[in-house]
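> coords please:
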Amino acid sequence: MSVKRFFSRQWLITSVLVIAAVLVMVRLGFWQLDRLAQRRAFNERVQVQLAADTIQLSPQNLDLDLYNMEYREAVISGQYDHERQVALRNQDWQGNLGVHLLTPLMIEGEDRAILVDRGWVPYEDFTIGNLAKFDVPGTVQIEGTIRRSQSKPRIGGRADVLPGPGEPPLEAWNWTNISNISRQVPYELLPVYLVSLPEETGNQLPYRSEHELELTEGSHLGYAFQWFIFAAILAIGYPLFVRKEEERRSRGDHGHTPYIQPNKPQEQESDSNPKGYKQA
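Residues are numbered from 1 along each chain as shown. From the prediction side, this is the model:
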């Protein structure tokens, strides 16, 4: 069957829709393969950092590529700036709503700071402004995990509305966006932040927990195969369907003709005399 037949007046719209559907399915298959490659690269990067030794952050190595050291454990010393502390909204602890405390740590021997996620506290303490009881005075040594700044909210997340000129600083944030938070402090923040590791006691506020990473490849490969199979079925099945329809029509088979019982005239009795009577 000629290819031109698919673009005849009879099949043009259907053929265009089928071709578009096949192209979309193939594109979705390659998109899933791309997601798989990204996931594998992420897993490899994280595994390297998890296996690396704990890094001691100091004024001598703060200019390292900390961004690509995400999930590596680090130790740093300094003093907390509790006056410029902010909260991270909508944080859960064993089914209880609360916030995480994000506190700048002035690095010892530096005029720069690093944001530290100190852990979870109840939402009630935040709403009534009772966070001072969680302050830690003096020089402290923090051991935590390096994390990247969250530059934009995830799908479905709500972006933070930054205060305008003359407005008070934003005290509660939806995302740990270091670039935006740094606008509220008079010193430079490092481009990454630390998530404090749990202490041995573990029963004192702020509560801390280790982030559970799922280093799997997910279902991307299976989804890719599914899209390619769907595209192949449609690409092969549609020409076969058109060919079958053309052959049927060339035979003059326009479909099943329902059987109609013809009306037959009722037989009339030739004998006009009623039964049971004899002619005289």
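
> Helices of this protein, start to end?
Remark: helices assigned in the chain by DSSP state H are 12-51, 123-127, 178-181, 220-250.

> Turn these into a markdown table, columns for mean neighbour count.
Using the backbone N, CA and C atoms, a C-beta is placed for each residue, glycine as well. Below are those laid out as a markdown table (neighbours: other CB atoms under 10 Å):
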| stretch | mean neighbour count |
| --- | --- |
| helix 12-51 | 14 |
| helix 123-127 | 15 |
| helix 178-181 | 18 |
| helix 220-250 | 14 |
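
> now the ones you listed in a markdown table, with distance to R89?
Listed next are the helices of the chain as a markdown table, based on distance: least, CB to CB, whole Å:
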| stretch | distance to R89 |
| --- | --- |
| helix 12-51 | 26 |
| helix 123-127 | 9 |
| helix 178-181 | 13 |
| helix 220-250 | 31 |
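
> Of those, give the one that comes closest to H100.
Within the helices of the chain, the stretch nearest H100 is helix 123-127; the backing value is 10.0 Å (CB to CB).

> Name the residues that touch that closest one?
Here helix 123-127 makes contact (CB atoms under 8 Å, 6 or more residues apart in numbering) with 87, 96-99, 130-131, 133-134, 172.

> thinking again about what came up before, right, and the helices of the chain - which one's nearest L62?
Once the helices of the chain are compared by CB to CB, helix 178-181 is nearest, at 14.2 Å.

> list the helices and strands the closest one packs on?
Contact here means 3 or more CB pairs under 8 Å, 6 or more residues apart in numbering; DSSP states H and E; on that basis helix 178-181 packs against strand 188-196.

> The strand it packs on pairs with which strands?
Here strand 188-196 is paired, per DSSP bridges, with strand 112-122 (parallel), strand 139-148 (antiparallel).

> winner for burial among those?
Of all these, strand 112-122 carries the top mean neighbour count, a mean of 22, counting by mean count of other CB atoms under 10 Å.

> Keeping just the C-alphas, turn that strand into PDB.
C-alpha atoms of strand 112-122 as PDB (Å, rounded to 0.1, in the frame of the first residue of the first chain):
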ATOM      1  CA  ARG A 112      31.700  35.000  57.000                       C
ATOM      2  CA  ALA A 113      29.000  32.700  58.300                       C
ATOM      3  CA  ILE A 114      27.400  29.400  57.400                       C
ATOM      4  CA  LEU A 115      23.700  28.600  57.900                       C
ATOM      5  CA  VAL A 116      23.000  25.700  60.300                       C
ATOM      6  CA  ASP A 117      19.800  23.700  60.400                       C
ATOM      7  CA  ARG A 118      19.800  23.100  64.200                       C
ATOM      8  CA  GLY A 119      16.700  20.800  64.200                       C
ATOM      9  CA  TRP A 120      13.000  20.600  65.000                       C
ATOM     10  CA  VAL A 121      11.100  22.600  67.600                       C
ATOM     11  CA  PRO A 122       7.300  22.700  68.200                       C
END
